[in-house]
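The sequence and its predicted three-dimensional model are supplied below.
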Amino acid sequence: EAGSTRFCMGAAWRELGNKKNAFRNILDMVREVNAMDMEVCCTLGMLNEEQAAQLKEAGLTAYNHNLDTSREYYPEVITSR
């Protein structure tokens, strides 16, 4: 009753590319966490449109993606620094 409502998963790679087995495992984990009536979020690096659609279909509720840029370009992409 007073437990977690969201579970977030992350993987340390730039993009999924040809890591098809790893991505299938992630999809399975998203489905399993979603089946526990929890929100599921991931941060997995760059995705293509098909991978994003598969994650959504599996039950992903949020995706975190960090934008990296040089300090000189910060004013063009963020307002919090």
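Perfect, I can see it now.

From now on I want contacts and neighbour counts done on CA atoms only, so please keep to that.
Fine.

bridging residues for the residue nearest the centre of the chain?
Among the residues of the chain, the one closest to the centroid is C42, at 2.6 Å (Cα atoms, centre = their mean). Judged by DSSP bridges, the bridge partners of C42 are M9, Y63.

Am I right that it is in contact with M9?
Yes - the criterion here is Cα atoms under 8 Å, and C42 meets it with M9 at 4.7 Å.

The residue located most distally from the centre of the chain and N66, how far apart?
Within the chain, E72 marks the point farthest from the mean C-alpha position, 27.2 Å out by Cα atoms, centre = their mean. Computed as Cα to Cα, to the nearest Å, the E72 to N66 distance reads 17 Å.

What of A11?
Taking Cα to Cα, one finds A11 at 13 Å from N66.

mind listing the strands for the chain?
6-10, 39-43, 62-63 (DSSP state E).

Deepest-packed of the ones you listed, please.
Greatest average neighbour count among the strands of the chain goes to strand 39-43 (a mean of 20), per mean count of other Cα atoms under 10 Å.

For that one, output the C-alpha coordinates as CSV.
This file holds the C-alpha atoms of strand 39-43, laid out as CSV (Å, rounded to 0.1, in the frame of the first residue of the first chain):
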residue,chain,number,x,y,z
GLU,A,39,4.6,2.8,-14.0
VAL,A,40,7.6,1.8,-16.0
CYS,A,41,10.3,4.2,-17.2
CYS,A,42,13.6,3.6,-19.1
THR,A,43,16.7,5.4,-20.1
